[in-house]
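Q: Sequence below, structure please.
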Amino acid sequence: MKKKFFVAIALAFITCTTAYSQTLTLEIRGIEKITGTLYIGFYNSSKTFIKKTVFGCAEKVTSKIMIIPVEGLPKGTYAISLFQDENSNKKLDTGLFGIPQEKYGFSNDAKGFAGPPSFKESKFEFKSNKKLIINLL
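A: So this is what the prediction gives:
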């Protein structure tokens, strides 16, 4: 995996509350250390997936299972990528060959091979209140 793989998540974060009334509830599991911040990026096309978020938020890690209500997300098709920034340096730390050293995950628990999964594997429809469970790797 390449180091720039999650850099786009840390960019262009906006507040999670706007005029839209539906709520996407994220349940993030697999957190081992209660430290740092979860950076969550939303993407709406295969062309921008992992490159440019259309919506995002950051949440301080306070428990091993995080419940995060995301209000203000317009209806549409999205894919989510996220990572736990354990050392608060605002980036996904990677090791040899770009292998992530911090926890990360994708909607649909999609997994890539030698890189991120595709938008197609990660996408979901958001039309009304919905709950997604994402297990960190």
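
Q: could you list every residue that touches residue 130?
A: Counting by Cβ atoms under 8 Å, 6 or more residues apart in numbering, residue 130 touches 22, 24, 25, 124. Heads up, the C-betas are built off the backbone N, CA and C, glycines and all.

Q: now residue 81
A: 6, 9, 40-41, 43, 49-50, 104-107, 116, 122.

Q: In a helix, residue 84, correct?
A: No. Going by DSSP: H, G, I helix; E, B strand; the rest coil, the assignment for residue 84 is strand, not a helix.

Q: and residue 117, how many neighbours does it have?
A: Using other Cβ atoms under 10 Å, residue 117 has 19 other residues around it.

Q: Please name the residues that touch the closest residue to residue 30 other than its chain neighbours.
A: Nearest residue to residue 30 in three dimensions, chain neighbours excluded: residue 136, at 3.6 Å (Cβ to Cβ, 6 or more residues apart in numbering). Residues in contact with residue 136 (Cβ under 8 Å, 6+ apart) are 28, 29, 30, 31, 82, 84, 103, 104, 105.

Q: And residue 42, by the same measure?
A: 53, 54, 55, 56, 73, 78, 79, 80.

Q: And for residue 62?
A: Counting by Cβ under 8 Å, 6+ apart, residue 62 touches residue 34.

Q: Helix or strand: which one has it?
A: Following DSSP states H and E, one finds residue 62 outside all helices and strands.

Q: before we move on, the earlier item: can you put the contacts of residue 130 in TSV and add neighbour count?
A: As requested, the contacts of residue 130 are exported to TSV (neighbours: other Cβ atoms under 10 Å):
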residue	neighbour count
22	15
24	22
25	14
124	14
